[in-house]
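In: I would like the atomic coordinates for the input below:
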Amino acid sequence: MKPGPAILVGNHLSLLDPVLVGLANRFRVTFFTKVEVFERIGAVFFRWTGQIPIRRGDETSTKWALTMAADSVSQGAKLSIYPEGTRSEDGVTLHRLHRRVLIPVLQSNPTVPVHAMTIAYTDRRLWRRNVEIRFSECLAIDLEESANDITQGITEALLALGGMPYEHTFSRIRTSHHESA
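Out: Residues are numbered from 1 along each chain as shown. Purely as a prediction, here's the structure:
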């Protein structure tokens, strides 16, 4: 991957995905993180690495996060987005992509290269897993197309790159006692 800003759109299988993508790049990668992790013990790590908190279903939080993402990209950062909205339930399947954050990020950064990114975990033995991270060439995104067509094109790029199964339903958002439903 070349130096300079880029938007990385990927599948989301594990809590480790954003960390591993950051480690796999020679460049700093910023990503959206649910606000609840900023309220836990890992908050220092997420603040230190410049991640962007976002609260699901909160319009003000979303607008602020989109502004922060645009600022980050304008300063040359790589921005990683997981538009499934949460991790895959089975750790393999790609689910339908949400457009609420994906499309505004693309629209506010029309000249920034967009790459599909897939993560696969294989050979699960006890605590060890092999991880494969793939990045596509720059995708041809036409912002004049409908949000549906743009999202479909990115979905097809992810499926071609990762070869994972696809389910045209939104991934179920997990909630814990720390999160509101």
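
In: Which stretches in the chain count as strands?
Out: Remark: strands assigned in the chain by DSSP state E are 6-10, 29-34, 52-54, 78-81, 94-95, 114-125, 128-138, 166-167.

In: can you pull out the helices in this protein?
Out: 17-24, 43-48, 59-74, 102-108, 147-162 (DSSP state H).

In: Show residues contacting the third one.
Out: What it means is helix 59-74. The contact list for helix 59-74, computed with C-beta atoms under 8 Å, 6 or more residues apart in numbering, reads 5, 7, 30, 32, 35, 50, 52-55, 79, 100-101, 104-105, 108-109, 112. C-beta here means a position set from N, CA and C on the backbone, and glycine is covered the same way.

In: if you set the cut-off to 6 Å instead, what comes out?
Out: Here helix 59-74 makes contact (C-beta atoms under 6 Å, 6 or more residues apart in numbering) with Pro5, Thr30, Ile52, Ile54, Arg55, Leu79, Pro104, Val105, Ser108, Asn109, Val112.

In: ok, the second one touching Ala77?
Out: Read it as Thr30. Yes: using C-beta atoms under 6 Å, Thr30 makes contact with Ala77 at a distance of 4.9 Å.

In: Give me the residue ranges of this structure where confidence is low.
Out: Along the chain, segments meeting pLDDT under 70 span 85-88, 90-93, 95-96, 124-128, 169, 172-181.

In: hmm, back to that, any chance of the strands of the chain in TSV with distance to Glu144 and mean neighbour count as columns?
Out: TSV is the format used below for the strands of the chain (distance: least, C-beta to C-beta, whole Å; neighbours: other C-beta atoms under 10 Å):
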stretch	distance to Glu144	mean neighbour count
strand 6-10	18	24
strand 29-34	26	21
strand 52-54	27	19
strand 78-81	21	23
strand 94-95	26	23
strand 114-125	15	17
strand 128-138	18	13
strand 166-167	26	14
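
In: any chance of these in a markdown table, with distance to Gly22 too?
Out: Listed next are the strands of the chain as a markdown table, based on distance: least, C-beta to C-beta, whole Å:
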| stretch | distance to Gly22 |
| --- | --- |
| strand 6-10 | 10 |
| strand 29-34 | 5 |
| strand 52-54 | 13 |
| strand 78-81 | 8 |
| strand 94-95 | 21 |
| strand 114-125 | 12 |
| strand 128-138 | 10 |
| strand 166-167 | 26 |
